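# Sequence first, then the predicted structure, then my questions.
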Amino acid sequence: MTILVAGATGTVGRHIVDQLIRRGEKVRALTRNPLQATLPAGVEVVAGDLSEPSTLVSALDGVSGMHMITTGAEYTPLQTGPEIVELAEKAGVRRVTVLWNGEKGPFERAVEASALEWTQLQAFEFMANARKWANSIRSEGLVRDLFGGSRIAPVHEADIGKVAAVALTEDGHADKIYTLTGPESLSVQDKVRIISEVIGREIRFVESSEEEEREQMRRMGVEEDAIEYVINWHLNPPQSAFTVLSTVEEVTGQKPYTFAEWVKTNAGYFMNSNS
């Protein structure tokens with residue numbers, strides 16, 4: 001049987017694809033732009049848009065499990081969860097993993113009310129979010145950020161991929177909500193220090209204003225209501241956001257990656273070509 005991965009070319013989706021392939025699963029990648037997808041050989045790439053459930057009918061044919069995301073274009077929360085879940089049930093889908101942000105919307109509620117074996121994966125922050133500092137580090141040797149002292153326990157996207165792959169292919173994960181963290185609680189300044197140590201270059205930290213932070217997110221295509229939510233959340237993060245959990249190791253049997261390990265793998269983002 002086939003496992004369908006939505007957002008397969010994205011930050012987390014690509015790791016889920018890779019982990020499923022390693023397990024010998026048949027993977028079908030769902031993307032709005034199949035011609036632009038660069039995925040491993042053997043992955044079936046199909047067109048589909050979660051905001052238009054009618055485009056998913058053929059993509060769900062023969063699918064036993066699927067990974068879903070809860071946002072569409074420009075990070076807009078999906079309102080089509082009930083329709084997608086209904087199509088999945090009709091197609092005979094058995095298992096589903098859902099990547100969510102902790103705020104239950106139509107998608108999460110529809111999955112919980114369904115007959116599907118669902119597993120929800122909550123990550124407060126991806127380590128890959130540090131890529132937003134890449135340009136300023138390369139060009140100026142500095143990081144501008146509003147949340148210098150705000151602490152969080154970021155998780156490597158590969159660890160999310162591992163957990164999703166386990167939940168989609170093994171028993172014992174139905175009706176579970178897994179909160180995923182890395183092994184450390186880090187502030188922005190901690191992360192800047194680690195990047196500096198790994199790439200061997202001094203990086204200054206400059207605290208930006210709230211308006212500068214808003215403008216940066218606007219340039220990334222984030223909607224205004226999402227900007228408001230992110231800023232307020234980071235200024236007053238819940239304790240759960242910076243509490244280190246052992247979920248990744250419990251589910252996968254492997255220790256989660258550290259932020260330093262993530263930086264070593266992705267150092268090219270922060271280094272000039274002549275470095």
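Ah, there it is.

# need the contact list for the spatially closest residue to Glu117 that is not a sequence neighbour.
Using Cβ to Cβ, 6 or more residues apart in numbering and skipping residues adjacent in sequence, the residue nearest Glu117 is Ala174, 3.8 Å away. Just so you know, the C-beta spots here come from the backbone N, C-alpha and C atoms, and that holds for glycine as well. Neighbouring residues of Ala174 by Cβ atoms under 8 Å, 6 or more residues apart in numbering: Arg95, Glu117, Trp118, Thr119.

# So which of these belong to strands?
Here DSSP state E is the test, and the contacts of Ala174 give Arg95, Glu117, Trp118, Thr119 as lying in strands.

# May I have the secondary structure class of Ile3?
Secondary structure, DSSP: H, G, I helix; E, B strand; the rest coil: Ile3 is strand.

# Give me the pLDDT for it.
On pLDDT, Ile3 comes in at 98.

# Filter the ones in strands among the contacts of Ala174 down to the buried ones.
Buried by 16 or more other Cβ atoms under 10 Å: Arg95, Glu117, Trp118, Thr119, out of the ones in strands among the contacts of Ala174.

# possible to save these as JSON lines with distance to Val63?
Listed next are these as JSON lines, based on distance: Cβ to Cβ, whole Å:
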{"residue": "Arg95", "distance to Val63": "10"}
{"residue": "Glu117", "distance to Val63": "14"}
{"residue": "Trp118", "distance to Val63": "15"}
{"residue": "Thr119", "distance to Val63": "16"}
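
# now, which of those sits nearest Met271?
Using Cβ to Cβ, Thr119 comes nearest to Met271 of these, at 37.1 Å.

# Hmm, Leu99 and the closest one touching each other?
No: contact between Thr119 and Leu99 fails when scored by Cβ atoms under 8 Å: they sit 10.2 Å apart.

# anything in contact with each of the two?
Ala164.

# Neighbours of the nearest residue to Ala6 once chain neighbours are set aside, how many?
Spatial nearest neighbour of Ala6, excluding adjacent residues (Cβ to Cβ, 6+ apart): Leu30 at 4.6 Å. A count of nearby residues for Leu30, using other Cβ atoms under 10 Å, gives 29.

# do Thr11 as well
Thr11 has 14 neighbours, counted by other Cβ under 10 Å.

# packing partners for whichever strand or helix holds Ala110?
Element membership of Ala110, judged by DSSP states H and E, is helix 106-112. Packing partners of helix 106-112 (3 or more Cβ pairs under 8 Å, 6 or more residues apart in numbering; DSSP states H and E): helix 81-91, strand 95-100, strand 117-123.

# The stretch 101-250 of the chain: helices as residue ranges?
Secondary structure of the stretch 101-250 of the chain (DSSP state H, counting those that start in this stretch): helices at 106-112, 134-140, 157-169, 188-199, 210-219, 224-235, 247-252.

# can you redo those helices as TSV with distance to Met68?
Below are the helices of the stretch 101-250 of the chain laid out as TSV (distance: least, Cβ to Cβ, whole Å):
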stretch	distance to Met68
helix 106-112	7
helix 134-140	29
helix 157-169	10
helix 188-199	29
helix 210-219	24
helix 224-235	19
helix 247-252	18
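
# of all those, which gets the most neighbours per residue?
helix 157-169 (a mean of 24; mean count of other Cβ atoms under 10 Å).

# tell me the angle of that helix relative to strand 95-100?
With axes from the mean of the first three to the mean of the last three Cα atoms, to 10 degrees defining the directions, helix 157-169 sits at 150 degrees from strand 95-100.

# can you dump the C-alpha coordinates of helix 157-169 into PDB?
Output in PDB follows, covering the C-alpha atoms of helix 157-169 (Å, rounded to 0.1, in the frame of the first residue of the first chain):
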ATOM      1  CA  GLU A 157      12.900  18.400  11.300                       C
ATOM      2  CA  ALA A 158      14.600  14.900  10.800                       C
ATOM      3  CA  ASP A 159      13.400  13.900  14.200                       C
ATOM      4  CA  ILE A 160       9.800  14.800  13.300                       C
ATOM      5  CA  GLY A 161      10.200  12.800  10.200                       C
ATOM      6  CA  LYS A 162      11.400   9.800  12.200                       C
ATOM      7  CA  VAL A 163       8.400  10.000  14.600                       C
ATOM      8  CA  ALA A 164       5.900  10.400  11.700                       C
ATOM      9  CA  ALA A 165       7.400   7.400   9.900                       C
ATOM     10  CA  VAL A 166       7.100   5.200  13.000                       C
ATOM     11  CA  ALA A 167       3.500   6.400  13.600                       C
ATOM     12  CA  LEU A 168       2.500   5.700  10.000                       C
ATOM     13  CA  THR A 169       4.000   2.200   9.800                       C
END
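
# Sweet, I'm off.
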